[in-house]
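Colleague: Sequence and predicted structure below; questions after.
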Amino acid sequence: MKKHIIALALIALLIAGGIFLYLAQGNTAQLPPGADTGREPLFTTPRNEMIPTVNIAEVKPWTGDEKPVAAKGLNVARYADGLAHPRSLLRLPNGDVLVAETNSPPRPKNGIVSRVMSYLMDKAGAGAPSANRITLLRDVDGDGRAETKTAFLTGLNSPYGMALIGDTLYVANTDALMAFPYKEGDIRITAKGRKIIDLPAQAPNQHWTKSLAASPEGLLYVGVGSNSNVADNGLEVEKGRALVLEVNPKTGYKRIFASGLRNPVGLAFEPKSGALWGVVNERDMLGGDLVPDYLTRVEFGAFYGWPWNYWGGYEDRRVQPQRPEIREYTHRPDYALGNHVAPLGLTFADKLQLGAPYTDGAIVGLHGSWNRKPAAGYKVVYVGFADGEAGKAKPVDLLTGFLDKDGAAHGRPVDVTADAKGALLVSDDVGGVVWRVTKAQ
């Protein structure tokens, strides 16, 4: 009898192991390339994943003269390298460029889930401790490469967003919006800084980045991501998250500007309409063909669906209790960038001199998927606009080649901005590089 029990237990373990291995293979996307982009992306039936698909591109750093591939009519070269996980960028009025060398705050490493997450972050090139530093890059001789790198501001706490209003530099740490005095030409800030408001950083602080944009009127807009995929740990831990805040930096007054945005990272003002736009990372574990990350106008008082629904009314039935009554009040995004492409950087073409067709539209840095087969993103794209609105055309690849032919990642694009001469700067956190894209002569 005992032998039979042992045999049955072994059979059960083998079956369970087989099921686990089958589920761990993950979900493979079925839509043709490009079908999940544009103003009218194609949607499929959700394929719920008990175990998330894991398809992380292993890091294979750039060597020698290797570089990304620029679109026809453009050139790309190194503006600065040897950086520690460079993320957000800010060009100052005198042409200096600030880059946040940053990473997530320390995460717990006890427990299976924490250990697995640490392993995955290490594999993706995002496991190093945060430098907690903003570095100033200066192109002294105007040749398109920064000759000097200076530790401009140190002792920060996983900084991300940066904005300059007058003589004050604002920095969004993971847990607070800070203000520092700035004088043009300075190569270092030594002042301690002044806290404007606290920002939510409660454990597990899943989406730790806090993006920042300044309006022409001198108001600040802070993007705060959710603390989970779809409120997995309850709505209480999502308090003050998945939204864009409007902050008056002079008084500290804040209000929710827009909500239901799972992870709004890049924020920028469209030059013709003056409207605030953002790029948003949507939810996971519904298969490789859902849900599209997007570019959208961020409107005051608008609700964009998270966690109960997506793309203007598709219900996510994993979220309980359901709230079908809010579907009619859910704002539909303007433009799909693709499933799991992880858009992080956003700028507009008005300050760029790249030539046609990159003259009236948005430039978006797609950091790249970690949970999709085949991989998606890992490039910089251009989305054409007309009269202040995203057009009907599909995104145009502007900078590619971050993945090699074997699927390894030389780098991952993050933020995008214009330099003083109208070139496009692209931060590459895995490569430790800021790239400079120019019009071919």
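Modeller: Noted; the coordinates are in hand.
Colleague: Can you tell me the SS state at the closest residue to Val380 other than its chain neighbours?
Modeller: Nearest in space to Val380, with sequence neighbours left out and distances taken as C-beta to C-beta, 6 or more residues apart in numbering, is Leu399 at 3.9 Å. Just so you know, the C-beta spots here come from the backbone N, C-alpha and C atoms, and that holds for glycine as well. Counting by DSSP: H, G, I helix; E, B strand; the rest coil, the backbone at Leu399 sits in strand.
Colleague: what does Gly338 give?
Modeller: strand.
Colleague: Pull the number of nearby residues for it.
Modeller: Number of residues near Gly338 (other C-beta atoms under 10 Å) recorded here: 26.
Colleague: was I right about it contacting Gly38?
Modeller: No: using C-beta atoms under 8 Å, Gly338 makes no contact with Gly38, being 9.5 Å away.
Colleague: what sits in contact with each of these two?
Modeller: The contact sets of Gly338 and Gly38 overlap at Pro395 (C-beta atoms under 8 Å, 6 or more residues apart in numbering).
Colleague: still on that earlier bit, ok, what's across the strand from the residue nearest to Val380?
Modeller: Taking DSSP bridges, one obtains Ala70, Val380 as the residues bridged to Leu399.
Colleague: go on, Gly361?
Modeller: Gly384.
Colleague: gap between it and Leu276?
Modeller: 16 Å (C-beta to C-beta, to the nearest Å).
Colleague: got it, and Glu325?
Modeller: 27 Å.
Colleague: Please say which of these two ends up with more neighbours.
Modeller: Leu276 (22 against 8).
Colleague: Excluding chain neighbours, what is closest to that one?
Modeller: Val298 (4.6 Å).
Colleague: same deal with Leu290?
Modeller: Counting by C-beta to C-beta, 6+ apart, Pro46 is the residue found nearest to Leu290 once chain neighbours are left out, at 5.7 Å.
Colleague: do the same with Ser228
Modeller: Gln206 (5.9 Å).
Colleague: And for Gly345?
Modeller: Leaving aside its sequence neighbours, Gly345 sits nearest to Gly365 (C-beta to C-beta, 6+ apart; 3.2 Å).
Colleague: Then His410?
Modeller: The shortest distance from His410 to any non-neighbouring residue, by C-beta to C-beta, 6+ apart, is to Trp62 (4.8 Å).
Colleague: could you measure that neighbour against Ile56, distance?
Modeller: For Trp62, the distance to Ile56 - C-beta to C-beta - is 18 Å.
Colleague: now swap in Gly166 and tell me
Modeller: 43 Å.
Colleague: Between those two, which has more neighbouring residues?
Modeller: More crowded of Gly166 and Ile56, by other C-beta under 10 Å: Ile56, with 20 against 8.
Colleague: Now that one, what are its backbone angles?
Modeller: Backbone torsions of Ile56, given as degrees, to the nearest 10, read phi -90, psi 130.
Colleague: before we move on, which element is the spatially most central residue of the chain in?
Modeller: Nearest to the mean C-alpha position of the chain, counting by C-alpha atoms, centre = their mean, stands Leu344 at 2.5 Å. Element membership of Leu344, judged by DSSP states H and E, is strand 343-348.
Colleague: Parallel or antiparallel, which strands does that strand pair with?
Modeller: strand 361-366 (antiparallel).
Colleague: Need the residues that contact the strand it pairs with.
Modeller: 266, 268, 270, 277, 279, 295, 337-338, 341-349, 352, 376-385, 390-391, 395, 398, 413-416, 424, 426-427.
Colleague: Name the residues of stretch 209-221 that come out as buried.
Modeller: Across stretch 209-221, burial judged by 16 or more other C-beta atoms under 10 Å covers 209-214, 219-221.
Colleague: Tell me the spacing between the residue nearest to Gly345 and Asp419.
Modeller: 15 Å.
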